[in-house]
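**Student:** Predicted model and sequence follow; I will ask about them next.
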Amino acid sequence: MYTVERRKTQRRRVLKGATIAFNHAGGIRCMVRNLSAGGACLELEYPVGIPREFVLVMDSDRVSFDSRVVWTGPHHIGVAFQ
């Protein structure tokens with residue numbers, strides 16, 4: 001059995017630190033596990049309490065993406081960039 005690939009753009013594997021920023025407060029640390037022009041897979045210890053929309057700030061190059069959660073798992077979330 002196989003899964004249907006629904007991504008519009010191919011993602012590349014990465015391992016980059018990032019921050020999930022919201023409410024003009026601090027943020028939640030995460031790791032970006034794969035990345036494309038349209039979204040990313042984020043790894044975090046506890047995805048509970050993550051808002052549906054937030055700004056993802058990449059540590060290495062200080063680039064930010066307005067993001068929307070499209071799926072969640074026990075230690076990962078998938079986001080689409082807006």
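**Tutor:** Noted; the coordinates are in hand. Residues are numbered from 1 along each chain as shown.

**Student:** residues contacting residue 14?
**Tutor:** 32-35 (CB atoms under 8 Å, 6 or more residues apart in numbering). C-beta here means a position set from N, CA and C on the backbone, and glycine is covered the same way.

**Student:** now do 6 Å
**Tutor:** 32, 35 (CB atoms under 6 Å, 6 or more residues apart in numbering).

**Student:** which element is it on?
**Tutor:** strand 12-21 (DSSP states H and E).

**Student:** in the chain, what spans have low per-residue confidence?
**Tutor:** Confidence mapping of the chain against pLDDT under 70 gives the ranges 1-9.

**Student:** Closest to the centroid, which residue in it?
**Tutor:** residue 42 (4.0 Å; CA atoms, centre = their mean).

**Student:** The helix or strand hosting residue 56 pairs with which strands?
**Tutor:** Element membership for residue 56, per DSSP H and E: strand 53-58. If you go by DSSP bridges, strand 53-58 pairs up with strand 12-21 (antiparallel), strand 64-72 (antiparallel).

**Student:** What residues are bridge-paired with the residue nearest to the centre of the chain?
**Tutor:** residue 32, residue 77.

**Student:** Quick check, it in contact with residue 77.
**Tutor:** Yes. Between residue 42 and residue 77 there is a contact at 5.1 Å, judged by CB atoms under 6 Å.
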